[in-house]
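Student: using only what follows, build the 3D model:
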Amino acid sequence: MLVTTKGCDLDLSRGPDWLFVRLKNLDPDCPEADALADRIWSLLENHLTYRLVLELDDIEVLRSILIAQLIKLRRRILEHEGVIRLSGLSPDNREVLETCHLEDRLPSYHDRVEAVMASLPCRPR
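Tutor: I've put the predicted structure just below:
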């Protein structure tokens, strides 16, 4: 389901216990860009889950305004004992997270499957 808002489109899909949100057409210069965390939080509440994989494949540059929104969203999710995972970050954007010392707070995975599977306990064979 595509949710179109001013400054960004959010492509939603639902899996068992997870909400997957892909950011598309993000305009970081749009005044509404600083409300992104609130919009995604509202979606999580509407879907009755606090487990999020945020798919950032279409984000060319991870700007400070988006990083601030991710941190705000993470804080809210953790308050509800939820989980946030990022997927699809380019190598340059992963480096931005590392430079900001956020790679442990905003874990990044190759794709949504890897992000979800990272939460499953390992079982010996």
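Student: residue 109 contacts residue 94, correct?
Tutor: No. The pair residue 109 / residue 94 is not scored as a contact, 10.3 Å apart, by Cβ atoms under 8 Å. No exception for glycine: its C-beta is placed from N, CA and C like everyone else's.
Student: who has more neighbours, those two?
Tutor: Using other Cβ atoms under 10 Å as the criterion, residue 109 and residue 94 rank with residue 109 on top: 18 against 14.
Student: once you drop chain neighbours, what's closest to the more buried one?
Tutor: residue 115 (4.0 Å; Cβ to Cβ, 6 or more residues apart in numbering).
Student: doesn't residue 88 make contact with the one you found?
Tutor: No. Using Cβ under 8 Å, residue 115 is not in contact with residue 88; the gap is 9.3 Å.
Student: got the CA coordinates for the longest helix seen in the chain in PDB?
Tutor: Determined from DSSP state H, the single longest helix within the chain is helix 64-79. Extracted as PDB, the C-alpha positions of helix 64-79 are listed here (Å, rounded to 0.1, in the frame of the first residue of the first chain):
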ATOM      1  CA  SER A  64      21.200  14.900   9.100                       C
ATOM      2  CA  ILE A  65      17.500  15.700   9.000                       C
ATOM      3  CA  LEU A  66      16.700  12.000   8.200                       C
ATOM      4  CA  ILE A  67      19.100  10.700  10.800                       C
ATOM      5  CA  ALA A  68      17.400  12.900  13.400                       C
ATOM      6  CA  GLN A  69      14.000  11.500  12.400                       C
ATOM      7  CA  LEU A  70      15.400   7.900  12.600                       C
ATOM      8  CA  ILE A  71      16.700   8.600  16.100                       C
ATOM      9  CA  LYS A  72      13.400  10.100  17.200                       C
ATOM     10  CA  LEU A  73      11.500   7.100  15.800                       C
ATOM     11  CA  ARG A  74      13.900   4.600  17.400                       C
ATOM     12  CA  ARG A  75      13.400   6.200  20.800                       C
ATOM     13  CA  ARG A  76       9.600   5.900  20.500                       C
ATOM     14  CA  ILE A  77       9.800   2.300  19.300                       C
ATOM     15  CA  LEU A  78      12.100   1.300  22.200                       C
ATOM     16  CA  GLU A  79       9.700   2.900  24.700                       C
END
